[in-house]
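> have a look; sequence and predicted model below, questions after that.
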Amino acid sequence: MGSGQTNREDTIHLLRECDAGIKMGTSSIREVLSSTEDRKLKQMLQECMHRHERLGKEVEAALERFGDEGKNPGLMAQAMSWLKTNGKLSVDGSDRTIADLMTDGANMGAKSLRKYMNQYSMADEDAREIAGRLAAMEEQLVEELRPFL
């Protein structure tokens, strides 16, 4: 395939990975919100969750155009995330621990998205733009969390 051409399957795969990442991220934020004490940290996490949810609606609409239902995060990834989060919070439920957990998750999310953008390089421009925005949101979250570490 020449440059400028796109591949429907790459587009769907990239959008599915965005969908799963958004669901994983919002679930993780919901998990820690009730333990968050610092008002600024809680507000920042809530705003991040709302940005993810808005982008999630775009991803769902894009997938619907292809007749695809999206992708949920893998059960093993969800279980491992839940165990790590709840294990660390049961030992130390501080805002610093929450910021540390969220930083790890956001870094992993951004790294995975960049990898998927390379793997599904024939995805259409809209899907690549969405994935890029999502990766940038994850990277922004890491920056915003630094003062809380």
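Now that the structure is in, tell me what you want to look at.
> for Glu139, see how far away Leu101 is.
To Glu139, Leu101 is 17 Å away according to Cβ to Cβ, to the nearest Å. The C-beta positions use only the backbone N, C-alpha and C, and glycine is treated the same way.
> just Arg146 next, same as before
Arg146 is 12 Å from Glu139, where distance means Cβ to Cβ.
> neighbour count for those two, which is higher?
Ranked by neighbour count (other Cβ atoms under 10 Å), Arg146 and Glu139 place Glu139 first, with 17 against 9.
> on the three-state scheme, the residue lying closest to the more buried one once chain neighbours are set aside is what?
Spatial nearest neighbour of Glu139, excluding adjacent residues (Cβ to Cβ, 6 or more residues apart in numbering): Ala110 at 5.0 Å. Secondary structure for Ala110, judged by DSSP: H, G, I helix; E, B strand; the rest coil, is helix.
> packing partners of the worst-scoring helix or strand of the chain on mean pLDDT?
Taking mean pLDDT, DSSP states H and E as the measure, the chain has helix 75-91 as its least confident helix or strand, at a mean of 75. Using 3 or more Cβ pairs under 8 Å, 6 or more residues apart in numbering; DSSP states H and E, the elements in contact with helix 75-91 are helix 8-33, helix 95-119.
> which residues are in contact with the shortest one?
So the one you mean is helix 95-119. Under the contact criterion Cβ atoms under 8 Å, 6 or more residues apart in numbering, helix 95-119 has outside partners 13-14, 17-18, 21, 24-25, 28-29, 32, 35-38, 41, 45, 81, 84-85, 88-89, 91, 123, 128, 131-132, 134-135, 138-139, 141-142, 145-146, 148-149.
> could you pull out the buried residues of stretch 6-23?
Neighbour-count burial for stretch 6-23 flags 6, 10-23 (criterion: 16 or more other Cβ atoms under 10 Å).
> and that stretch, average pLDDT?
In this model, stretch 6-23 has a mean pLDDT of 95.
> and for Leu33, the neighbour number?
Burial of Leu33 is recorded as 14 neighbouring residues (other Cβ under 10 Å).
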